[in-house]
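here is my input; please provide its structure:
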Amino acid sequence: MLKGFFTVPTPMNEPVYSYAPGTKERSLLKEAIAAARATEIDIPMYIGGEEVRTSKKVKITPPHDHKHVLGYFNQGTKENVKEAIDAALAAKNDWENLPWEQRAAIFLKAAELISTKYRYKLNAATMLGQSKNPYQAEIDSACEIADFLRFNVKYMSEIYQQQPPINPKNVWNRVEQRPLEGFVFALTPFNFTAIAGNLPTSAAMMGNVVVWKPANTQIYSANVLMEIFREAGVPAGVINLVYVSGPDAGDVIFKHPDFAGIHFTGSTGVFQDIWKTIGENIHLYKTYPRIVGETGGKDFILAHPSADLDVLNTALVRGAFEFQGQKCSAASRAYVPKSLWKELKEKMERDIKTFKIGGTEDFSNFINAVIDEKAFDKITKYIDRAKESKDAEVVIGGEYDKSKGYFINPTVIVAEKADYETMSEELFGPVLTIYVYDDKKWAETLKLVDTTSIYALTGSIISQDRYAIEEATHYLRNAAGNFYINDKCTGAVVGQQPFGGARGSGTNDKAGSMINLLRWVSPRTIKETFNPDVDYRYPFLSEEL
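Residues are numbered from 1 along each chain as shown. Sure thing, here's the model as predicted:
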């Protein structure tokens, strides 16, 4: 076995390709999209190194072209979940005893494969399966997942280096970071391929074994991730990928004595149900499970009367409508002073009118489809209610059509009441609700921002007034785990802005930072005494002379 103190490569953020006309990456990505569209694939589950297929095949189609079939995934059962747990536990001993630098090498290789050999295949899968345009796919499934892997390796090495600062004479104190005793369940969302890759790998990197269940609407790109992980050298059974219903997974996993933790991104309601179930079953487990989750958001942009209108407009149209508003961090409510509203509305109308809407294969389309029919129906019901409400007005957009794909035009609602439903409830779609406030009611508006929603994920202040910036930054300190000044409230970058929120938005364990990795280890303190005492008597027990 190798011996040494190893220094890992210094991580740097993966450069974002432009995909501008005439670039090499543009032509390579178009080739990858064409190849993916031309082939129907049969996607297996991956359990203990085996490709598992079942008799139940579920169709996968692009959200923007739901009559085209990309392939089928194999729907699993509770029995497959049990097999995945068994495979994980069988792999556990060898994996956790593998030297950490060997684990690091595997995930560094995965990052390199993603950024080179598989870049266009993975981006194409994200574009087709999740309806992301080239830029949104690039920053997600090429750059962010590579960043997660590289920076997490660095954080892992730094965690192992953390040792007690005091070693008195005759004693050596040290701390080792053990993986959790059992298996970790990774439950991942549709909206980011990077999140789907990070949740299982961050736990696995620290020596844990994982059962991974992705959202059905992300399986197409999850399959490519698993292909990469296997080529990078992740051993059989370390990460097991299953496609089962949520109830089937939960019924097996949350009753298993070796359940050691969950790494989750998804809805607040589901996370709360999981937390409740774990609490009810707490007597069944060998250890107290780690519960790590990032959930919903009702993210805000607050404009001060001093705001630069062009900055505000860009922050709103990008923050609200990129990837159809299907980001946990998307701007979905805004507070605009009355003095700025008329001119801001004109700028927003001007820009939104230029948005092209359609499939991801046409790179001139800025807006694509929402993820599926269920999401489409939910979002459009809110739009329809706003059209009929006396407390709201649809001022931009409001049109939608699902005949070919699940397309919803970017929609701006003006709410007459600050607590109107689209100001407080998460929609997860291309809908922005604006409340126009009296310029003199800045203090009251700060309170509205802080109290209107149960969530506290992201938010931003747009202002040229430094006193107002300082006041909002302090007053809204609990309203957003990621707070932005003069920028949109989306776009956190690994290594730059650790991501996560509190309140109803999750446990704030900050993906993309050491904080998150610390959740997947259990420290053990070791004290070694070189010349131990051989007599119980202390000096104070001696008789006085």
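
would you map the strands across the stretch 101-250 of the chain?
171-179, 183-188, 209-214, 239-241 (DSSP state E, counting those that start in this stretch).

possible to save these as a markdown table with mean neighbour count and mean pLDDT?
In short, each C-beta sits where N, CA and C put it, glycine included. Formatted as a markdown table, those follow (neighbours: other Cβ atoms under 10 Å; pLDDT from 0 to 100):
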| stretch | mean neighbour count | mean pLDDT |
| --- | --- | --- |
| strand 171-179 | 15 | 98 |
| strand 183-188 | 27 | 98 |
| strand 209-214 | 28 | 98 |
| strand 239-241 | 28 | 98 |
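
in the chain, which helix or strand is least confident?
strand 502-503 (a mean of 95; mean pLDDT, DSSP states H and E).

would you confirm that K59 contacts N74?
No - K59 is beyond contact range of N74, at 11.9 Å (criterion: Cβ atoms under 8 Å).

out of these two, which sits in the more crowded spot?
Counted by other Cβ atoms under 10 Å, K59 and N74 do not tie: N74 has more neighbours, with 20 against 11.

so what's A105 closest to, chain neighbours aside?
The shortest distance from A105 to any non-neighbouring residue, by Cβ to Cβ, 6 or more residues apart in numbering, is to G233 (7.7 Å).

next, that neighbour: phi, psi?
Note on G233: backbone dihedrals following degrees, to the nearest 10 are phi 110, psi 10.

how much space between it and N531?
Per Cβ to Cβ, to the nearest Å, G233 is found 45 Å from N531.

neighbour count winner among the two?
Taking neighbours as other Cβ under 10 Å, G233 and N531 compare with G233 leading, 14 against 8.

who's in contact with that one?
For G233, the residues meeting the contact criterion (Cβ atoms under 8 Å, 6 or more residues apart in numbering) are A105, I106, K109.

what's the burial count for the closest residue to the last one other than its chain neighbours?
Leaving out its chain neighbours, the residue that sits closest to K109 by Cβ to Cβ, 6+ apart is A232, at 4.3 Å. Number of residues near A232 (other Cβ under 10 Å) recorded here: 19.

isn't A232 up against F107?
Yes - the pair A232 and F107 qualifies as a contact (Cβ under 8 Å) at a distance of 7.0 Å.

looking at M1 now. What's its pLDDT?
On the pLDDT scale, M1 is placed at 64.

tell me the SS of A36?
helix (DSSP: H, G, I helix; E, B strand; the rest coil).

quick check: pLDDT value at the residue nearest to the spatial centre of the chain.
The centroid of the chain falls nearest to I195 when counting by Cα atoms, centre = their mean (4.0 Å). I195 is assigned a predicted lDDT (pLDDT) of 98.

now the phi/psi pair for the residue nearest to it when sequence neighbours are not counted, please.
Counting by Cβ to Cβ, 6+ apart, I195 lies nearest to T265, which is 5.2 Å off, once chain neighbours are set aside. The phi and psi values for T265, taken as degrees, to the nearest 10, are phi -140, psi 130.

any idea how far T265 is from T473?
In terms of Cβ to Cβ, T265 sits 26 Å off from T473.

and L199, by the same measure?
From L199 to T473 the distance is 30 Å (Cβ to Cβ).

between the two, which one's more packed in?
L199 (29 against 13).

for that one, what are its contacts?
Applying Cβ under 8 Å, 6+ apart, we find L199 in contact with A186, L187, T188, W212, H263, F264, T265.

next SSE downstream of the helix or strand hosting G293?
Element membership for G293, per DSSP states H and E: strand 290-294. Toward the C-terminus, strand 290-294 is succeeded by strand 299-303 as the next helix or strand (DSSP H and E).

chain neighbours aside, what residue packs nearest to K82?
Take K82 and drop its neighbours on the chain: the residue closest to it by Cβ to Cβ, 6+ apart is V252, 5.8 Å away.

could you check the angle strand 183-188 makes with the helix or strand encompassing the one you found?
Using DSSP H and E, V252 maps to helix 246-253. Counting by axes from the mean of the first three to the mean of the last three Cα atoms, to 10 degrees, helix 246-253 lies at 170 degrees to strand 183-188.

can you tell me what sits against helix 246-253?
Against helix 246-253 from outside (Cβ under 8 Å, 6+ apart): 76-78, 81-82, 85, 185, 187, 211, 213, 242, 259, 270, 274, 277.

repeat for stretch 20-32
With Cβ under 8 Å, 6+ apart as the test, stretch 20-32 has contacts from Y17, S18, Y19, Y120, K121, N123, A124, P134, E361, F363.

farthest-apart pair in the residues you listed, please.
Using Cβ to Cβ, the contacts of stretch 20-32 span at most 19.2 Å, a distance reached by S18 and K121.

of these two, give the one with the bigger neighbour count.
For S18 and K121, the more surrounded residue by other Cβ under 10 Å is K121, and the numbers stand at 21 against 12.

what sits closest to the more buried one if chain neighbours are left out?
Distances taken as Cβ to Cβ, 6+ apart place A32 nearest to K121, at 5.4 Å, with adjacent residues excluded.

got it, and F107?
L149 (4.7 Å).

and for N13?
Closest to N13 by Cβ to Cβ, 6+ apart is D147, at 5.6 Å.

what packs against the helix or strand hosting V270?
Mapping V270 onto the secondary structure by DSSP H and E places it in helix 268-280. Contacting helix 268-280 under the criterion 3 or more Cβ pairs under 8 Å, 6 or more residues apart in numbering; DSSP states H and E are the following elements: helix 246-253, strand 259-265, strand 290-294.

if we can go back for a sec, identify the residues contacting the residue nearest to K109.
A232 touches I106, F107, K109, A110, L113, counting by Cβ under 8 Å, 6+ apart.

hang on, A375 packs against F428?
Yes - counting by Cβ under 8 Å, A375 does reach F428; the two are 6.7 Å apart.

touching both of the two, which residues are there?
Counting by Cβ under 8 Å, 6+ apart, the contacts common to A375 and F428 are Q326.

what segments of the stretch 51-200 of the chain are helices?
For the stretch 51-200 of the chain, helices defined by DSSP state H, counting those that start in this stretch occupy the ranges 78-97, 100-115, 119-130, 134-137, 145-161, 193-205.

list the contacts of the longest one.
Outside helix 78-97, the residues within contact range by Cβ under 8 Å, 6+ apart are 45, 47-49, 52, 54, 103, 178-179, 182-183, 204, 207-211, 235-238, 240, 242, 244, 248-249, 251-253, 256, 258.

recalculate using a threshold of 7 Å.
45, 47-48, 52, 179, 183, 207, 209-211, 235-238, 240, 242, 244, 248-249, 251-253, 256, 258 (Cβ atoms under 7 Å, 6 or more residues apart in numbering).

do the same with the fifth one
For helix 145-161, the external contacting residues (Cβ under 7 Å, 6+ apart) are 8, 11, 13-14, 100, 104, 107-108, 110-111, 114-115, 177, 193-194, 197-198, 201-202, 205-206, 494-495, 512-514, 517-518, 521.

tell me the phi and psi of A307?
Per-residue torsions, A307: phi -60, psi 140 (degrees, to the nearest 10).

chain neighbours aside, what residue packs nearest to it?
Per Cβ to Cβ, 6+ apart, closest to A307 is I462, 4.2 Å.

same question for S463.
According to Cβ to Cβ, 6+ apart, the nearest residue to S463 is H304 (3.6 Å).

likewise S453?
K298 (3.8 Å).

just the buried ones out of the contacts of stretch 20-32, please.
Among those, those classed as buried by 16 or more other Cβ atoms under 10 Å are Y17, Y19, Y120, K121, N123, A124, P134, E361, F363.

got TSV for the residues you listed, with distance to D391 and pLDDT too?
TSV is the format used below for the buried ones among the contacts of stretch 20-32 (distance: Cβ to Cβ, whole Å; pLDDT from 0 to 100):
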residue	distance to D391	pLDDT
Y17	45	98
Y19	42	98
Y120	47	98
K121	48	98
N123	42	98
A124	44	98
P134	39	98
E361	40	98
F363	40	98
